[in-house]
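# coordinates for the following, if possible.
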Amino acid sequence: MQVIDGALHRDRQLLENTCKTLYSLLRTYTVIHGGFFFLMGGQLGYLFLHFSLLVATFVLALHLAGLLVTVCSYASLRIYLQAKKEERMRGLVDEFEEEWTAMFWAEEPRDRNYFESLSNGCCLLAEKVSGQEYRVYHFSFFGEMLSSLLEKGSCWLHWKDLHFFRKILLEKAVMHYIQIVRLHPIDLEAHAMLANGYVLLSGLYVDPRKMEGMEEERWIPPRKYTQEFKQIFRQIAERAIEEFKILNEYAPEDPWVHAQLAYSYCDLQMPLKEIKEYETILELCPDDEETLCRLGKLYFQQGLNAKGLRMYEQLKQIHPQRAEQLLLSYVAFAQGN
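Alright, predicted model coming up:
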């Protein structure tokens with residue numbers, strides 16, 4: 001038990017240390033960018049305050065040339081810094097994997113368990129930095145209004161960085177799951193892990209406005225709900241669906257497989273296929289409350305009111321309160337709300 005507790009402690013410590021290194025890296029680059037903006041601001045301010053004195057002298061030309069040099073230098077350096085930052089983040093992920101391996105697999109064969117452990121480590125770290133773009137510069141002693149502005153500024157500065165970092169981690173996790181599938185091509189659990197890996201990766205491109213638990217007042221970068229992100233999400237979600245279809249071929253009577261397919265079709269906005277999966281689940285589990293409720297709402301959304309009311313009747317016998325909630329959905333859809 002002490003050995004397990006020690007491993008869990010080292011596990012948490014490694015995650016914490018990696019996050020601290022990441023946030024420190026992001027702050028360092030912000031200071032560098034801020035320094036250039038401060039320099040350019042100082043040069044512009046000096047020109048503005050002393051313009052009338054400098055306009056008739058060659059010193060004005062020198063100041064303008066200095067400002068131009070600063071702007072051009074920053075434009076070139078900005079490209080270099082972005083490339084170095086991404087390179088450093090990739091290196092940080094590699095260092096994390098090396099330490100994770102040394103911690104758990106220093107003398108073990110690098111088999112299925114090894115790749116599964118690495119995937120789990122990458123997923124844990126990706127989860128730990130999720131949503132932290134709002135808190136890179138979080139200070140609890142600020143007032144509510146200032147804290148809100150600080151959160152927005154933090155997100156504006158670093159959401160792309162943390163999105164990129166999580167993308168590296170989840171792509172690594174998917175690669176490790178693919179290695180497991182290569183070792184065990186007809187193992188259903190291996191395909192289930194790969195499918196879930198794709199689901200996690202696709203989650204990076206889900207419209208945050210549609211996510212449960214998202215605080216409405218929080219600022220969301222507009223790019224997160226662009227057509228570009230929707231297209232990437234669709235491509236990755238379709239890979240997950242293909243893996244779930246493999247599971248369905250081998251385990252057609254597993255409700256969990258059909259539920260995963262239904263969730264994926266929901267995300268892809270394919271309601272008719274989503275309905276088909278819930279109908280299959282209902283055949284396997286006739287009294288499942290969640291399935292009855294979801295399927296009833298889908299029927300009402302698609303104008304299949306007679307089928308929706310049948311779901312209401314079944315649900316009323318099991319859970320009257322949820323049945324009434326379903327009926328409210330029917331009324332809302334009937335009124336066009």
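# what's the pLDDT at Glu16?
The predicted local distance difference test score for Glu16 is 93.
# which residues touch it?
Neighbouring residues of Glu16 by Cβ atoms under 8 Å, 6 or more residues apart in numbering: there are none. Heads up, the C-betas are built off the backbone N, CA and C, glycines and all.
# next, work out how far apart it and Ile168 are.
19 Å (Cβ to Cβ, to the nearest Å).
# repeat for Glu242
Computed as Cβ to Cβ, the Glu242 to Ile168 distance reads 23 Å.
# higher neighbour count, the two?
A direct count of neighbours by other Cβ atoms under 10 Å for Glu242 and Ile168 places Ile168 higher, at 19 against 14.
# the more buried one is in contact with Gly91, isn't it?
No - taking contact to mean Cβ atoms under 8 Å, the distance of 10.3 Å between Ile168 and Gly91 leaves them out of contact.
# show me the domain layout of this protein.
1-107, 109-233 (automatic domain parsing).
# and the ones you listed, which is most packed in?
Looking across those with neighbours counted as mean count of other Cβ atoms under 10 Å, the highest average goes to domain 109-233: a mean of 17.
# which ones are touching the residue positioned nearest the centre of the chain?
Centroid-nearest residue in the chain, with Cα atoms, centre = their mean: Leu204, separated by 3.1 Å. Leu204 is in contact with His163, Arg166, Lys167, Leu170, counting by Cβ under 8 Å, 6+ apart.
# apply 10 Å and report the result again.
The contact partners of Leu204, taken as Cβ atoms under 10 Å, 6 or more residues apart in numbering, are 126, 130, 163-164, 166-167, 170-171, 224, 229, 232-233, 236.
# kindly report the same for Ile232.
Ile232 makes contact with Lys167, Leu201, Ser202, Leu204, Tyr205, Thr226, according to Cβ under 10 Å, 6+ apart.
# now do the second one against Lys20, distance only.
Taking Cβ to Cβ as the measure, Leu201 and Lys20 are separated by 25 Å.
# now do the third one
Distance of Ser202 to Lys20, given as Cβ to Cβ: 28 Å.
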